[in-house]
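K.L.:
need coordinates for the following:
(chains A and B)
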Amino acid sequence: MNKYRADLHIHTLLSPCAGLEMTPKTIADKAKSAGLNIIGITDHNSTRHALLVKKFAEKDGIFTLTGAEVTSKEEVHCLVFFEFPEQLSRFQHFIDENSTRIPNSEEYYGYQPVIDEDENVLEMVPFYLPAALKVGIETIQKQVDALNGLFIPAHIDRSVNGILSQLGFIPPSLKYDALGLSKHGSEKHVLKQYVIENKTTFIRNSDAHYPEQIGEIYSLFNMEELSFSEIKKALNQEDNRYCELP
Amino acid sequence: MKVSELVKKYGLKVFAGEQGLNNKISGGYVSDLLSDVMGNAAENEVWITLQTHQNVMAIASLKDLAAVILVKGFEPDEDTLERSREEGIPLLGTNTGTFEMAGKLYVELKQG
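P.N.:
Got it, this is the predicted structure:
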């Protein structure tokens, strides 16, 4: 069994709240220098930069989970990841069908550029990406499941946009692969306050919006090799694979 | 004031939980953060919210609330309806916004 360092919550410059220096190449370079083996690309309600980051990161030998940070109707943030471009694009379609289109005020929220490999701006997304989708968390989870993806409620211990603040407790019927803690959150603290299902995996990520934050916070994955299915197993504590918080 | 009187006076829609229409109302609480309601709502209050998730009814039951009013014409999710039936807590609806609904309830309870 090997140990892999993972930071699964990284924004690119497409997210309005992220720095414009968060280009796919910079993210890949920083992930490498931070010693990460696995990164997750999670822009707010958009998958559009994920494959581009993967292209750069793979050259550096970094395994990339392609996905998004989705905002549910209840304003719960959830990380979702897909193994293949086909599933990723189908999920993007699901987002497009259910998005709330509020014009993005760039001076206030920040820029939302989509760029290409050579860092040419292809488009400025005109509506505010983090706005809540029109569908609830269960509907999103089922869609992710149907596309064989990973579903991880993000920073569950945060006072806003976490599942516990928004919904008071985790609905017993909700399925998930793991729960994300906030940057400095502790598993102990959450377990003291809330009833969480046994055998739940907690992970902690940087939620990086600027290059220097990448890999600052990470989780360790104990598994055989770098692959989507091994990561899924580690999150679900199957076949002796598991995750740990350093 | 009883929940049934509130329903009649303001033309509220009753989605489910008719069993609880005789509940007495002691006050109101307004919040869309369910964790906040869990911590701060009091027994026999009417909760005004735009959240339609099933946890709303679980929390209404936990806190022994008199009723829940969904604003802006929002419809409850199917499992939320079911939960309202099970718990016997009225799940009501209005087309007005939170501000208007809370204002009406406030005036009503202040006079009563």
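K.L.:
now stretch A:13-26: buried residues?
P.N.:
Across stretch A:13-26, burial judged by 16 or more other Cβ atoms under 10 Å in any protein chain shown covers A:13-16, A:18-19, A:22-26. Just so you know, the C-beta spots here come from the backbone N, C-alpha and C atoms, and that holds for glycine as well.
K.L.:
report the two of these separated the most.
P.N.:
A:Pro16 and A:Lys25 (20.4 Å; Cβ to Cβ).
K.L.:
can you add distance to chain B and pLDDT and give the buried residues of stretch A:13-26 back as CSV?
P.N.:
Formatted as CSV, the buried residues of stretch A:13-26 follow (distance: Cβ to the nearest Cβ, whole Å; pLDDT from 0 to 100):
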residue, distance to chain B, pLDDT
A:Leu13, 30, 98
A:Leu14, 28, 98
A:Ser15, 23, 98
A:Pro16, 23, 97
A:Ala18, 25, 97
A:Gly19, 29, 97
A:Met22, 30, 98
A:Thr23, 36, 98
A:Pro24, 35, 98
A:Lys25, 39, 97
A:Thr26, 36, 98
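K.L.:
which of these fall in strands?
P.N.:
In strands, judged by DSSP state E, none of the buried residues of stretch A:13-26 are found.
K.L.:
out of those residues, name the ones that lie in helices.
P.N.:
A:24-26 (DSSP state H).
K.L.:
and chain A, which of its residues are near chain B?
P.N.:
Within reach of chain B by Cβ under 8 Å from any Cβ of the partner chain, chain A has these residues: A:73-74, A:136-137, A:160, A:164-169, A:171, A:173.
K.L.:
let's see that with 7 Å instead.
P.N.:
A:74, A:136, A:164-169, A:171 (Cβ under 7 Å from any Cβ of the partner chain).
K.L.:
contacting residues for the closest residue to chain A within chain B?
P.N.:
Nearest residue of chain B to chain A: B:Leu34, at 3.6 Å (Cβ to the nearest Cβ). B:Leu34 is in contact with A:166-168, B:51, B:55-56, B:59, counting by Cβ atoms under 7 Å, 6 or more residues apart in numbering or on different chains.
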